[in-house]
Structure formats: structure tokens, C-alpha cells
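Student: mind looking at a prediction? Sequence and model below.
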Amino acid sequence: MTSISTAAVAASWGQRALARIRLCRRRLTARLSWLRVLATAVVKMWPVTIVIALLTLCFLVPGLASIQTVEALLGYVRFGAAVEIVWIRYIITLGSTILLGAVLRSCSRRLLSIGGQSVPPSLAIWLSRSSGYLPLAAIAFGFFSLRGELSVANPFGVMAAGLLIVYLLQDRFQLLTRWFLRPNKVGSRGSKSNFGTVGWFTTFVLVALLFAFSERDATALLPFSLIQVSQTLGPINILFLACCLWTEIATSLVILSRKTRIPLVGAVACVAIITNVFALNDNHPIRRNDESNRTDDVQPAFGKWLGSRPDRKDFPSYPVLLVSAEGGGIRAAYFTAVTLARIVDSCPRSANHIFAISGVSGGAIGAAIFAAAMKARPPDPSDARCDLQSARSHRYEDAVSEVLSDDHLSPLLIRMLTGDAFQQALPFSITNFDRQLGLEFSLERSFLRVFKKDVLSEPLYGFAPSVQFPSIPFLFLNTTRVEDGLRVTFSPLYFRTEQYGGADDWHAVDYLLGPPISAAAGTSARFPLISPPGYFVSRTVKQAVVDGQQTWVPDTAFVGKKNRYVDGGYFDNSGAPTLLELYRELNQVRGIREDVKFYTHILHIGNYPTCEDTKKPSGGACKIMSVESARSGLITDLESVYDAIFNVRSTRADYGLKQLFNEVLRVASVHANIEMTDHSGTDKQYMERALRQAGGADEEVPQYAGFLFPHSDA
């Protein structure tokens, strides 16, 4: 009896265990089936899914696009004595978020209900409602997350709450959705848009035509500029409106493909791939002037420059300033221009002593704006003020600050998301679709608005100091050639430096004409991914004797060769290598002409703080370096490739600066008849020791140079 009861109990337990296993399997199967249905629905509504992923990366995932998003959202307020909301942009944002929510809701319902594998109506309604609320959640979260960014009165929390309230009122009373989208009853086959596919395709064609016939100050012969329109909208609104347009276009193509069984989306993708692979639609040429300007070599130009200085007789040895400006986006442009402008505001005479500025990326833009300001508003030569510790005037600083405070991202972004996006599917190029024009035209318009003179659109080759404009510096703007990785320099001077193993010169590509100043600075600042690589087909000429006369003829070895050019920071982000080569070139003048006496001073405008040995610059501050020991493994091996390339790019800038610094000390020691043997200590200590050993080598330097130039050659 005992054995029978035990067997019965065991059988009962076994049956219960099997029942539980079957129940768990059914539940797991049901959940997996539900996940498969959800995944199918997400894939089926892929145009909406892409927009959701984009908004998630921009607003809801910190670290991926947080810096750019914060900068864009900060444009909703003005900074000053009181922080003020830019109401027109904020009100447009209310409308654009509501519109995008209605578009995503409409598109998701149509995509889930027409063609393909069927999706449960309850899931379709849930997904469409969720997608409709996502733009609101993204932008509200973006505003709310900025509450800690400002130390003064902060309106971002109120802006986020206001956005939620307006959206809830709209959702309750269907203010916009009632017109835009005729809501259907539960279980109906999709929702019908009052605006319709025809309306969206008409909008698509209209936007394409506007950009195809847009110029800097006019659009399709109409007296309004798309630059100004984009700056009024702002980057966030441009992103939302572009998402509306492209989501509706993609949805219409997908639905039409399902109905006709013609792979229209695949056909468009194939055309885009073919045209891009064979470069049939490359619309990113570097602009060229129509005005011919002859150039000069560095040494003859320096002799003419030195002889034309209005205060030349005031100094037995003339102080010459060479400036390098580091890259770093719009922040570097702002810092470079404002730093140089503040120096001139405090010491107007110093503008006549700046011979050249070597700029990279954002530093190139800042250098170009400062140099253009020196021509638009020449400093008063009779102003003898020179106290860098106090600035009673802010004439130049306020002006260049106003130029760079304008929104220069939106004009580039609106072309990127509309005209340049259209270009990808066209088998021919439309130059006006080039998104780089947005940045260059925006800089030109802002400078013209502030200074009332259109200097930035002038030819770079003709932009040189003269008797009338002695304060104009020579610009050396650095870019990188894609095909060979060589540093190429835009300058009014002929500056091919093979003897130093250095840069190539734009004159080797285009000898007589050259680009406008804005295009040269913009080419140096073709930021990765945001700005496209620019191309140029060489038009090089050379000197030759034709019919007994010396003239210019095409150089067949180079004419017709197409190369692409990107941000100068790919090669070096400091601008120091070009300045080092220029510094060596000027030092040769001493050996050629003993009667020419001058001091050469170096000013480097950086974009990161100088940190102690145990710290490194990160996000504008010094942070303690990691002390973790090196690890090994497959993941670490893959990470090391990226980390090494990225860190070498940063270290390369420090290397260039140290080369320049050591060359200056070498020349100073030669002229002071000293020898530097102690290289210990920090850079600051080394420099101070070098100056002490040099004794009175810099005593002849004018009084204001002590503030500008911590070291000089004698």
C-alpha cells in the first residue's frame, strides 16, 4: 500500500509539473507572439519609426546629441541683464510639435492598416497615439532638462509646462488635428487626411523650387531670403517641419507601393545609390571669384607691409605679431574674433602690428570676421590708448560678437534636410541645394547687417593690407585635402612650403581667381558630417613664353583634376604648423636685409584650458585623468583603434604648438647669445626661465607688448 500511494503521489506531482510547464510555454509563446506582432508593426510603420529614433537620439538619450541639442534649445532665450524668451520661436515650436504629432499619428495609422501583415486594431491605435505624443514628450523633456544650465532666472521649466498645457488643450479640443486629420472610429481602416498626399507632394515640389532658385538675399526673384526665414524658425522647428515633410512623402510612397506592388521606395534608393557612387550629383563645389587678383611671395609682401606701417618710425625694432587660432566650432570662432577685437579695443595701435593670422575650422571663421572688421571699420590711427588691462571701448568686440551671435546653424540645417536631401535622388547636381551655402551666406548677411559693408564676400586674393587699410592682416586659412591628407592653405600670399615639408597652397589649384573670404573660411570649417566635403577642379596656370612674350598658360599636369577638401582640423587643429613655417620664412628676411629690424611675437588663441599634468581638458574644464591600467581583449582592441585615432588628433595640436614654442625659444636664445640646457619643469616655468636667461632681450619691446606677447625673439 505504501509503494502504491507513493507512486500515486509521484504521478500527481509529475502531472502538475507538466501542466505548469505547458502553461509557462503557452504564456511564453503568447508573449513571443505579441513581441513578434509588435516588431512587425514597428517595421511596417518604418518611416514613423525612423523619426521616433531620431527624436530619441536628439532629446531623450543624454550624450549622443546632447551638446548640439542644448545649444539649439538655448536659442529660445536671450541672455543679458534679464533672460528673455524668444516668443516667436517658442510659439512656432508649439505649432510644429502639434503638427508633427498629428502627422505621425496619421502616418502610423495608414501604414498599419493598409497592405502587408495585419496588425490588431488595438495595437494600431495604441502605437499611433504613442507616436503622436512623442514629439511633445521629446521637446518638453529637452526644455525641462535645461533647468540646471543657467544660474540666472531660468524659464525652461515654465516653457516645458506651457508646452504640456497647450498640447493637452489641443488634444482635448482637437484644435489642429480636427482640420488636419479626420479621426475615424475604432476599427476603421486607417484615417483620412484632409490635407492629403497631393498637398504634401505640392509642398515638396514648392520647397524644392524655392531652394533651387534661392540666392543669398533673394528667393525666386522675390525680395526675401531663406537665410532669414530659417533663422526665424530655428534648428528645432526646422527638424520638426522636415520630419513632417519626409514622413508624409515616405508614407505616401510606401502605401502606393503596397497598392500597386511596385517597389517605389527601392527604386528611389537605387537611383540615390547609383548617382552617389558615380558622383553624378555632387553639388558641393568650392565657390570661385570672377575677379582676377595677382599675388606676391611672403618675403616681398612682408617688406612692403613693414615699410607701410604708419608707426614704423616709432620703433627702432618693429614689433610684429603672428596669431594662430585653434578650431572648435562656433565657440572657437566666437572666442577668436572676440579676443582679437578686445585687444584692438584696448590698444588700437596693435591692429597695425598683426601681420598674419593662421586659422583652422572655427578659428578660421573668427579670424576672417576679425580681419573683415578691420577693413569695414579701420581703427583710428590717432588713438594712442594702449592698456590691455582695461577696455573703455567695446566697439569691435560688440560688433563681432553680434555677427557670431546670430543663428548660423539653421541656414545650413534647413538646406541639409530639404534641398541637399532632395539632391541625393537626382542624377544631376543643383548647386543651390548645397547646404554649405547656408553657412557661408549666413555669415555674409550677418556681417553686412552689423558693419553695413559686404566685406566677407570679397575675393580672398585681393584681401591684403594697404596704405588706406593698414590694419588688415594677411589670412592663412587651413583645410585638408581628402585624396592625400595634405594641409592646404588659403591665403592672399603665395605660400607653398615644400622646403619645410609643409603645406600646399591654394594657388597651386587656382592661381589667379581664388575663393571669396567666406568660402575660404567655410572650407576650413567644413565640420564633419554637418558640412559636406567641398570639391574643386584644378585650373592651375604657369608662366611660359608665347610669341616672345612671357604670359600665363594652363598647366596640363594639374588642370582638370578634381579633389575634395574638408575641415582643417583633420590634419592639425591648432594652426601652429602654418604659423611655424611663416615664422621661419620671416626670420630669413633678417639674413637677407640687415637694415630690417623687427621683433616677432606669437599669440595662440586656444579653445581648451591648459591643465596640470594629472588632468586633461574635457568639456571646457580640467578633469582628473583616469588611472585605470590598460586592459586587453577583443572589445578593448577594437576600442583602441578609435581611441588612438581620436587622441592623436588632439595630441597633434599640442605637438604643433610645442614645435612652434621651441622654435621661438631657439631663435630668442640665438639672438640673445644664450643656450637653453635646462628643460625641466612645466611649460610656464621653462618659458619664465628662458626669459630670465635672455636678460634684457625684450626690453626694447613697446610697453603694450608685455601684455600681448609673453615671449618673443629678439
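Tutor: That came in fine, so what should we check first? Numbering: from 1, shown residues only.
Student: quick check, central residue of this structure?
Tutor: Centroid-nearest residue in the chain: Phe527, 4.3 Å away (criterion: C-alpha atoms, centre = their mean).
Student: what residues are up against it?
Tutor: By C-beta atoms under 8 Å, 6 or more residues apart in numbering, the residues touching Phe527 are 329, 361, 567. Placement of C-beta: from N, CA and C, glycine included.
Student: surely it is within a helix?
Tutor: No - looking at Phe527 with DSSP: H, G, I helix; E, B strand; the rest coil, it is coil, so not inside a helix.
Student: tally up the residues packed near the residue nearest to Glu458 when sequence neighbours are not counted, please.
Tutor: Leaving out its chain neighbours, the residue that sits closest to Glu458 by C-beta to C-beta, 6 or more residues apart in numbering is Ile517, at 5.9 Å. As a burial measure, Ile517 scores 31 neighbours (other C-beta atoms under 10 Å).
Student: surely Ile517 and Asp454 touch.
Tutor: No - contact criterion C-beta atoms under 8 Å: Ile517 and Asp454 do not qualify, at 10.4 Å.
Student: could you say what helices and strands the helix or strand hosting Val103 packs with?
Tutor: Under the criterion of DSSP states H and E, Val103 resides in helix 87-113. Secondary-structure packing of helix 87-113 (3 or more C-beta pairs under 8 Å, 6 or more residues apart in numbering; DSSP states H and E): helix 2-44, helix 46-55, helix 121-145, helix 156-173, helix 177-180, strand 181-182, helix 226-233, helix 235-260.
Student: the fourth one - what's its average pLDDT?
Tutor: For helix 156-173, mean pLDDT rounds to 79.
Student: residues of that helix that come out buried?
Tutor: For helix 156-173, the neighbour count (16 or more other C-beta atoms under 10 Å) marks 156, 159-160, 162-163, 166-167, 170-171 as buried.
Student: repeat that for stretch 458-470.
Tutor: In terms of neighbour count (16+ other C-beta under 10 Å), stretch 458-470 has its buried residues at 458-461, 463-465, 470.
Student: quote the end-to-end distance of that stretch.
Tutor: This stretch, stretch 458-470, spans 17 Å end to end (C-alpha to C-alpha, to the nearest Å).
Student: chain center to it: distance?
Tutor: In terms of C-alpha atoms, centre = their mean, to the nearest Å, the centre of stretch 458-470 is set 28 Å apart from its chain centre.
Student: what's in contact with it?
Tutor: Residues external to stretch 458-470 that are found in contact with it (C-beta under 8 Å, 6+ apart): 289, 291, 293-295, 301, 305, 308-310, 352, 371-372, 374-375, 378, 381, 471-475, 490-493, 512-517, 519-520.
Student: just the buried subset of those residues, written out for ChimeraX, thanks.
Tutor: Typed into ChimeraX, the line below selects the buried ones among these, using 16+ other C-beta under 10 Å:
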select :289,293,295,301,305,309,352,371,372,374,375,378,471,472,473,474,475,490,491,492,493,512,514,515,516,517,519,520
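Student: in helices only, show me the contacts of stretch 458-470.
Tutor: Judged by DSSP state H, helices contain the following of the contacts of stretch 458-470: 301, 305, 371-372, 374-375, 517, 519-520.
Student: just for the stretch 451-600 of the chain, where's the confidence low?
Tutor: For the stretch 451-600 of the chain, the stretches with pLDDT under 70 are 497-502, 541-547, 549-558, 591-595.
Student: tell me where it has helices.
Tutor: For the stretch 451-600 of the chain, helices defined by DSSP state H, counting those that start in this stretch occupy the ranges 517-524, 576-592.
Student: list of residues touching the last one?
Tutor: When contacts are defined by C-beta under 8 Å, 6+ apart, helix 576-592 is touched by residues 298-299, 302-303, 320, 322-324, 355-356, 358, 476, 478, 487, 489, 495, 497, 500, 502-503, 596, 600, 602, 604, 653, 656-657, 659-660, 663-664, 667, 713.
Student: again, only using 7 Å
Tutor: Helix 576-592 has contacts (C-beta atoms under 7 Å, 6 or more residues apart in numbering) with 298-299, 302, 322, 324, 356, 358, 476, 478, 487, 489, 497, 500, 502-503, 596, 600, 604, 656-657, 659-660, 663, 667.
Student: Val271 touches Ala425, doesn't it?
Tutor: Yes - using C-beta atoms under 7 Å, Val271 makes contact with Ala425 at a distance of 5.5 Å.
Student: that older thread, of the contacts of Phe527 - the most surrounded one?
Tutor: Busiest of the contacts of Phe527 [other C-beta under 10 Å] is Ser361, holding 29 neighbours.
Student: my read: that residue touches Val566, true?
Tutor: No - counting by C-beta under 7 Å, Ser361 does not reach Val566; the two are 10.1 Å apart.
Student: lowest-scoring secondary structure element of this structure by mean pLDDT?
Tutor: Lowest on mean pLDDT, DSSP states H and E among the helices and strands of the chain sits helix 705-708, with a mean of 37.
Student: which residue packs closest to His408, ignoring adjacent ones?
Tutor: Nearest residue to His408, sequence neighbours excluded (C-beta to C-beta, 6+ apart): Ser442, at 4.6 Å.
Student: what about the one you found, which helix or strand?
Tutor: Using DSSP H and E, Ser442 sits within helix 436-451.
Student: hang on, the earlier thing: identify the residues contacting the residue nearest to His408.
Tutor: Contact partners of Ser442, counting by C-beta under 7 Å, 6+ apart, are 227, 406, 408, 411.
Student: let's see it at 10 Å
Tutor: For Ser442, the contacting residues are 216, 225, 227-228, 230-231, 406-412, 518, 522, by C-beta atoms under 10 Å, 6 or more residues apart in numbering.
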